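*Asks:* generate coordinates for the sequence data below:
(chains A, B, C and D)
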There are 2 protein chains.
Amino acid sequence: MDADLQKKPHHHGNLREALVLAGLQLLEEGGPDALTLRKCAALAGVSHAAPAHHFDGLHGLKWALAEEGFRRFRNYMVDAEVTGEQTPRGRMKSICRGYLHFARDNRALFQLIFGFDAKDVPVRPTRDVGSFGYEPLRRCCAPFIPDDVPREVIEAQVWSLIHGFTTLFLAGRFWALEDAPEDGAFDQVMALLDRVGTAPESLGNPGDPS
Amino acid sequence: MDADLQKKPHHHGNLREALVLAGLQLLEEGGPDALTLRKCAALAGVSHAAPAHHFDGLHGLKWALAEEGFRRFRNYMVDAEVTGEQTPRGRMKSICRGYLHFARDNRALFQLIFGFDAKDVPVRPTRDVGSFGYEPLRRCCAPFIPDDVPREVIEAQVWSLIHGFTTLFLAGRFWALEDAPEDGAFDQVMALLDRVGTAPESLGNPGDPS
DNA sequence: CATGAAATCTTGACGCTGTCAAGATGGCTG
DNA sequence: CAGCCATCTTGACAGCGTCAAGATTTCATG
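*Replies:* Numbers count the residues shown, from 1 in each chain, chains lettered A, B, ... in the order given. You can find the predicted model right below:
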């Protein structure tokens, strides 16, 4: 048994998974620039060219990491959903809170997933893993779809708001709101979602400067 | 005069500006990965190490490009504002349209500006050039600030929505909306702004599943 | 005007990166 | 048992950012 452990077999056995885990570790520890094929190989204990047999270059590794990232991303959202307030609007805000917290806790991975040079991602994540990863968002939007508005529009509204808030907040762009208590800025900005799915003509606000 | 033009002087004369222009050209032609100190130097006709005397490495060059990018970004928004409908809400949507169109027409530069690894940008752009660049957005939000809501919250709502929409749309994430006519998806999603700055209790929508 | 300091640019080198080609190794199938 | 093939290693290559040292030009100062 010691021989099995000590002698390094020529075949790693599960190198692909080991490389993905190494990549996740590198992203976590050193940010996007620390992700390197050679460092992943070193961390997995193989030679620098070994990853080429499991991924299509660096792009392929990033794609594999994005796949795993989507899974964890979805878990964040679903966990927040089942933990939070059990109303349609409570579920929607919980999903969004999970969205924000995943990005906060996995900055580099979030950035990798949404890094929007299309060539970094051989297959559109939104179509494959993405449709699975965004299913919670889609589901939580369902109760708010008016009859005369396409589903995709409401989803795009919610998604745009939480995605924009997440990226700008994490980039430190909302410095005026950052002194607020935990999730304070989140709650205030997400208050716009209290209006989602409601007809604009139903609000006759006094002094509304349209 | 020919001597002046033909003989390459040891001092370039305006190398810093030439390098910035070269960088913008590289970004436009080849995307973010094409931006390279050595290629900028070659394009400006100097040796590969010359840029080091004008920028603090690659980070410094990116910062200089972000500065110029902010200026052009602001021009896009202001141009859209003065061209579009002259109402408070019309101005707000025009600013947002300029936001989207700048990103569409300057993908790599937009990505550089908002690439949110903080270490890429030595000084927070939001505080310096940024406060100038975002002044149009701030101004167009002013008419919609309710008495009991901080200015920054409304601004963050509008900014989050347009920023999220822009990045997700350009990443091809809204494939269900992309068949719409020019700016169709934009108009539909930005319709959420019709609710901005209105009190949530003013909407008593029948069948509202809060 | 002369002279020295400082700014500017070149040359060369270093280590790191992704990628390719060729060879070694070992498990699996016929 | 033989041979194929996936897997992994080794070595090499160009391109990258960066540093050090030297050459050249400009500028200020005496």
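*Asks:* just checking, A:Leu193 touches A:Ser94?
*Replies:* No. With contact taken as C-beta atoms under 8 Å, A:Leu193 and A:Ser94 are classed as non-touching, separated by 11.8 Å. From N, CA and C alone the C-beta is placed, and that goes for glycine too.
*Asks:* which parts of chain A sit against DNA strand D?
*Replies:* Applying C-beta under 7 Å from any atom of the strand, we find that chain A lies next to DNA strand D at A:10-13, A:15, A:41, A:46-50, A:53-54.
*Asks:* mind giving me the ChimeraX command for buried ones among those?
*Replies:* When burial is assessed using 16 or more other C-beta atoms under 10 Å in any protein chain shown, the buried subset of these is captured in ChimeraX by this command:
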select /A:12,15,41,46,50,54
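*Asks:* from the residues of chain A next to DNA strand D, which two are the most distant?
*Replies:* In the residues of chain A next to DNA strand D, two members sit farther apart than any others by C-beta to C-beta. They are A:Gly13 and A:His48, at 19.0 Å.
*Asks:* in the helix or strand where A:Glu67 lies, what's buried?
*Replies:* According to DSSP states H and E, A:Glu67 maps onto helix A:57-83. Under the neighbour-count criterion of 16+ other C-beta under 10 Å, helix A:57-83 has A:61-70, A:72-74, A:76-78, A:80-81 buried.
*Asks:* ok, now which ones touch A:Arg107?
*Replies:* Taking C-beta atoms under 8 Å, 6 or more residues apart in numbering or on different chains, we find A:Arg107 in contact with A:31, A:170.
*Asks:* could you point out where chain A is predicted with low confidence?
*Replies:* Scanning chain A with the threshold set as pLDDT under 70 gives A:1-10, A:116-132, A:199-210.
*Asks:* okay, domains of it per the record?
*Replies:* The record, using automatic domain parsing to delimit domains, assigns chain A the ranges A:10-54, A:57-197.
*Asks:* most tightly packed of these?
*Replies:* Per-stretch averages of neighbours, counted by mean count of other C-beta atoms under 10 Å in any protein chain shown, single out domain A:57-197 among the domains of chain A, with a mean of 19.
*Asks:* from one end of it to the other, what's the distance?
*Replies:* Its first and final residues considered, domain A:57-197 spans 44 Å by C-alpha to C-alpha, to the nearest Å.
*Asks:* for it, what is the distance to the chain centroid?
*Replies:* 6 Å (C-alpha atoms, centre = their mean, to the nearest Å).
*Asks:* ditto for stretch A:44-51
*Replies:* 28 Å.
*Asks:* do that stretch and DNA strand C meet?
*Replies:* Yes. Stretch A:44-51 lies in contact with DNA strand C when judged by C-beta under 7 Å from any atom of the strand; the contacting residues are A:48-49.
*Asks:* against B:Phe114, how distant is whichever residue of chain A sits closest to DNA strand C?
*Replies:* Nearest to DNA strand C in chain A, going by C-beta to the nearest atom of the strand, is A:Gly57, at a distance of 2.8 Å. From A:Gly57 over to B:Phe114 the distance is 26 Å, taken as C-beta to C-beta, to the nearest Å.
*Asks:* over to A:Cys96?
*Replies:* On the measure of C-beta to C-beta, A:Cys96 and B:Phe114 end up 20 Å apart.
*Asks:* re earlier: list the helices and strands the helix holding A:Glu67 packs on?
*Replies:* Applying 3 or more C-beta pairs under 8 Å, 6 or more residues apart in numbering or on different chains; DSSP states H and E, one finds that helix A:57-83 contacts helix A:15-30, helix A:37-44, helix A:88-105, helix A:107-114, helix A:129-133, helix A:135-141.
*Asks:* near DNA strand C, which residues of chain A?
*Replies:* A:9-11, A:35-39, A:48-49, A:52, A:57-59.
*Asks:* what about 6 Å?
*Replies:* A:10-11, A:36-39, A:48-49, A:52, A:57-58 (C-beta under 6 Å from any atom of the strand).
*Asks:* so who does the spatially closest residue to A:Arg91 that is not a sequence neighbour touch?
*Replies:* With C-beta to C-beta, 6 or more residues apart in numbering or on different chains as the criterion, A:Arg91 has its nearest non-adjacent residue at 4.8 Å, and that residue is A:Cys140. A:Cys140 makes contact with A:81, A:88, A:91-92, A:94-95, A:158, according to C-beta under 8 Å, 6+ apart.
*Asks:* go on, A:Gln157?
*Replies:* For A:Gln157, the contacting residues are A:196, B:161, B:189, B:191-192, taking C-beta under 8 Å, 6+ apart as the criterion.
*Asks:* of those residues, closest to A:Leu100?
*Replies:* A:Leu100 has its nearest neighbour among these in B:Leu161, at 15.1 Å by C-beta to C-beta.
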